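sequence plus predicted model, see below.
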Amino acid sequence: RVSGGLGLTKNTERLYRRFAELVEEYDAFTNQPMLLSGLHKRCVDGFVRWMFEVKRYAVNNVGSQVKCIKTISRNADAEGMKVHRYALTLKTFSLSRRERYMQIISKEEIDDLKNLYTSLSGLDRTVCAWMLIGLYTGQRVGDLLALKPEQIKQGKNGVLVNVHQQKTNLQVTIGISDPFVIEILETSFPRQINAVTFNRELKIIARLAGMTEVVTGRKVNPETRRKELGEYPKYSLLSAHDLRRSFATNLYGKVPTPLIMKMTGHQKEGNFFLYIGEHPNKDHYAEEFLSVLGA
């Protein structure tokens, strides 16, 4: 279901297609089909073990496939199809908060990017511009790189950026007051580039900006093509999605959480806190409550 209408989002459709391909591959591996009526514990455990041991998938990826089994089984059951009861009560899983390593670009590092921007030209300047716009809009890479000058308009205290989010089908508006980013949007709007190029080149820009501190994170091993936990230079771990996460994290505690969620498109507070790796800041809410009372 798409927010505000019926149908699957592009990401969900992509997830189910990949799941179907995996099932076909597993069927060939075991030489027997996975059937809705045969999704007992031994069958599901075998599928999970195969994804971990043979495919060498990460925990979150395997957890997503298990979630697909549960969702498809429940929908089939609702349609009156024969479904094994075990599949209806599967427990999904993902990396725990302690096991997740997020790369956040700090305010100081953003200032370093601004200083670097003025010395760049060509593709480097374009990528740096998109990085800064991403850090101040908090949008997913597809929505970020699809931005056009006509989506920018003047507001009372800065500029307003109107975005139709592809994943959620939501219309959101982001306010930007930073003079440096406003100047880029109004006088030096960057040319369009694709997400693959952007994700590759932003690591180079981050390195040039000095993000070379060695940190813990997961990086794709080119030989196994799987993410492996280790110690790496920060710039090598960054992706376009870290711009969005940095936007939300850097604003958290400074701007009311519902306002941040309005701009990122998060609809559930619990999902938002999981996204930024934080627990609800109850002290912040209490202080905000008292400031309203005293107004």
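Nice, thanks for sending it over.

report pLDDT for the spatially most central residue of the chain.
Nearest to the mean C-alpha position of the chain, by CA atoms, centre = their mean, lies residue 241 at 5.1 Å. Per-residue pLDDT puts residue 241 at 90.

so it makes contact with residue 141?
Yes: using CB atoms under 8 Å, residue 241 is in contact with residue 141, at 6.6 Å. Heads up, the C-betas are built off the backbone N, CA and C, glycines and all.

quick one, phi/psi of residue 256?
Here is the backbone geometry of residue 256 (degrees, to the nearest 10): phi -50, psi 130.

which residues of the stretch 151-295 of the chain fall in strands?
Taking DSSP state E, counting those that start in this stretch as the criterion, the stretch 151-295 of the chain carries its strands at 152-154, 159-164, 171-176, 214-221, 226-233.

on that earlier part again, check contacts around the residue nearest to the centre of the chain.
140-141 (CB atoms under 8 Å, 6 or more residues apart in numbering).

kindly report the same for residue 44.
Shown in contact with residue 44 (CB under 8 Å, 6+ apart): 66, 69, 86-87, 90.

quick one: contacts for residue 157?
Neighbours of residue 157 in contact, by CB under 8 Å, 6+ apart: 175, 177.

how close does it get to residue 105?
24 Å (CB to CB, to the nearest Å).

ok, and what's touching stretch 83-97?
Against stretch 83-97 from outside (CB under 8 Å, 6+ apart): 36-41, 44, 59-60, 62-63, 66-67, 69-70, 73-74, 76-77, 274, 277.

quick one: buried residues of it?
83-84, 86-87, 90, 94 (16 or more other CB atoms under 10 Å).

where's the dip in pLDDT among these?
Among the buried residues of stretch 83-97, pLDDT bottoms out at residue 94, giving 65.

and residue 10, how many neighbours?
11 (other CB atoms under 10 Å).

so it touches residue 168, yeah?
No: with contact defined as CB under 8 Å, residue 10 does not reach residue 168; the gap is 11.1 Å.

number of nearby residues for the residue nearest to residue 164 when sequence neighbours are not counted?
Nearest residue to residue 164 in three dimensions, chain neighbours excluded: residue 171, at 5.5 Å (CB to CB, 6 or more residues apart in numbering). By the measure other CB under 10 Å, the count of residues near residue 171 is 11.

what's the answer for residue 148, then?
Counted with other CB under 10 Å, residue 148 comes out at 8.

roughly how far does it sit from residue 72?
Relative to residue 72, residue 148 is positioned 38 Å away (CB to CB).

with residue 173 instead?
Taking CB to CB, one finds residue 173 at 36 Å from residue 72.

who's more crowded, those two?
Neighbour comparison, residue 173 and residue 72: the larger count goes to residue 72, with 18 against 13 (by other CB under 10 Å).

mind checking pLDDT for the more buried one?
On pLDDT, residue 72 comes in at 94.

only alpha carbons, please: show the helix or strand encompassing it as CSV.
Secondary-structure element containing residue 72, defined by DSSP states H and E: helix 59-78. Taking C-alpha atoms only, helix 59-78 is exported to CSV below (Å, rounded to 0.1, in the frame of the first residue of the first chain):
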residue,chain,number,x,y,z
VAL,A,59,21.4,-9.7,8.9
ASN,A,60,19.1,-6.9,7.8
ASN,A,61,18.8,-8.4,4.3
VAL,A,62,17.9,-11.8,5.6
GLY,A,63,15.5,-10.2,8.0
SER,A,64,13.8,-8.4,5.1
GLN,A,65,13.3,-11.7,3.3
VAL,A,66,11.8,-13.3,6.4
LYS,A,67,9.4,-10.4,6.6
CYS,A,68,8.4,-11.0,3.0
ILE,A,69,7.5,-14.6,3.9
LYS,A,70,5.3,-13.5,6.8
THR,A,71,3.6,-10.7,4.8
ILE,A,72,2.9,-12.9,1.8
SER,A,73,1.6,-15.7,4.0
ARG,A,74,-0.8,-13.4,5.8
ASN,A,75,-2.1,-11.9,2.6
ALA,A,76,-2.6,-15.4,1.1
ASP,A,77,-4.3,-16.6,4.3
ALA,A,78,-6.7,-13.6,4.1
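
contacts only, for residue 149.
Applying CB under 8 Å, 6+ apart to residue 149 gives the contacts 185, 189.

one more time with 10 Å, if that's ok
By CB atoms under 10 Å, 6 or more residues apart in numbering, the contact set of residue 149 is 185-186, 189.

out of the residues you listed, which is most surrounded?
Greatest neighbour count in these, by other CB under 10 Å, goes to residue 185: 22 neighbours.
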